[in-house]
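> Sequence first, predicted coordinates after that:
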Amino acid sequence: MQIDVVTIFPEYLAPLRAALLGKAIDKGLISVGVHDLRDWTQDVHKAVDDSPYGGGPGMVMKADIWGPALDDVCTDETRLIVPTPAGRPFTQAVAHEYAEESHLVFACGRYEGIDQRVVDDARRRVRVDEVSIGDYVLVGGEVAVLAIVEAVARLLPGVLGNPKSHAEDSFQDGLLEGPSYTRPLVWRDLEVPAVLRSGNHKMIDRWRRDQSLARTFERRPDLLESLPADAFDKHDRAL
Ligand code: 6GU
């Protein structure tokens with residue numbers, strides 16, 4: 001998978017080359033290009049933004065800089081992703097969709113956003129998603145790109161050590177993951193739940209399922225609401 005990021009803060013994307021993602025690059029599973037938007041400016045000041053039509057605070061990033069930058073970086077295959085708090089929610093289902101793509105391009109806005117015509121124009125040639133990573137406001141799209149790329153890259157074959165690791169992810173079955181434990185058996189007088197040492201895998205699976213349901217009910221009741229009725233077995237319903 002090819003990933004390109006266009007930003008006015010290329011150094012902010014350095015973590016893309018660290019740890020898990022760095023290893024995926026070394027293995028040739030992903031290839032990452034980070035591009036400085038200012039390379040597409042023509043004026044001595046390298047201005048990328050201007051005041052908003054209609055007035056108001058802040059600055060808007062210019063269409064006549066973004067347009068040529070995206071023309072150069074996008075191809076017919078590209079899925080263009082524009083991180084914005086005004087976007088559709090980025091979810092695990094969207095991460096799985098992106099993991100099927102051959103080329104992701106991220107356009108990082110700063111200030112009050114990018115002139116809307118950049119997205120409107122890009123849509124005439126490529127698939128474009130405006131996505132949000134949650135209901136809070138970041139200063140720019142860069143941190144959202146780090147989160148999205150990490151969520152996508154770990155789904156690619158060969159990136160994680162153990163391919164079974166994502167079968168049990170939170171959200172894979174629509175529920176939050178329950179608690180995990182490792183040695184020592186007793187730590188600061190807290191003991192590992194006995195069922196996990198019973199060796200009874202049917203009981204362990206049932207206990208984990210119950211923990212997931214209880215935690216989801218407590219922390220994310222909205223997730224339970226949106227599951228289909230057949231997502232629950234008769235033991236679940238007894239709870
Ligand atoms: Cl994707 N971008 C920005 N700038 N802020 C956000 C966001 C994205 N998602 C939540 N807040």
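Thanks, I have the structure now. Numbers count the residues shown, from 1 in each chain.

> Write out the residues of this protein neighbouring the ligand.
With Cβ under 6 Å from any ligand atom as the criterion, the chain meets the ligand at residues 83-85, 87, 131-134, 136-138, 140-141, 144. In this view, the C-beta of every residue, glycine as well, is placed from N, C-alpha and C.

> Now Pro57: phi and psi?
Backbone torsions of Pro57, given as degrees, to the nearest 10, read phi -80, psi 160.

> Can you give me the distance of it to Val34?
29 Å (Cβ to Cβ, to the nearest Å).

> Between the two, which has more neighbouring residues?
Legend: neighbour count by other Cβ atoms under 10 Å for Pro57 and Val34, higher for Val34 (21 against 8).

> That one bridge partners, please.
Counting by DSSP bridges, Val34 is bridged to Val5.

> is it true that it touches Phe9?
No. Taking contacts as Cβ atoms under 8 Å, Val34 lies outside contact range of Phe9: 9.6 Å.

> Give me the sheet partners of the longest strand anywhere in the chain and which way each runs.
Assignment by DSSP state E gives strand 79-89 as the longest strand of the chain. If you go by DSSP bridges, strand 79-89 pairs up with strand 103-107 (parallel), strand 127-132 (parallel).

> With respect to burial, which of these scores highest?
Highest mean neighbour count among these (mean count of other Cβ atoms under 10 Å): strand 103-107, with a mean of 24.

> Following the chain past it, name the next helix or strand.
helix 116-122 (DSSP states H and E).

> Pull out the buried positions in the longest strand of the chain.
For strand 79-89, the buried set under the neighbour-count rule, 16 or more other Cβ atoms under 10 Å, comprises Arg79, Leu80, Ile81, Val82, Pro83, Thr84, Pro85, Gly87.

> Identify the residues contacting Gly174.
Leu223, Ser226, Leu227, Ala231 (Cβ atoms under 8 Å, 6 or more residues apart in numbering).

> For Leu224, which non-adjacent residue is closest in space?
Leaving aside its chain neighbours, Leu224 sits nearest to Thr216 (5.7 Å; criterion: Cβ to Cβ, 6 or more residues apart in numbering).

> for that neighbour, helix, strand, or coil?
Here Thr216 is recorded as helix under DSSP: H, G, I helix; E, B strand; the rest coil.

> That one against Leu223, yeah?
Yes. Using Cβ under 8 Å, Thr216 is in contact with Leu223, at 5.4 Å.

> Mind listing the shared neighbours of these two?
Residues touching both Thr216 and Leu223 by Cβ under 8 Å, 6+ apart: Leu175, Leu176.

> Give me the more crowded residue out of these two.
Counted by other Cβ under 10 Å, Thr216 and Leu223 do not tie: Thr216 has more neighbours, with 21 against 15.

> can you give me how far the helix or strand of the chain with the lowest mean pLDDT is from the chain middle?
Least confident helix or strand, the chain: helix 234-238 with a mean of 89, by mean pLDDT, DSSP states H and E. Relative to the centre of its chain, helix 234-238 is centred 33 Å away, using Cα atoms, centre = their mean, to the nearest Å.
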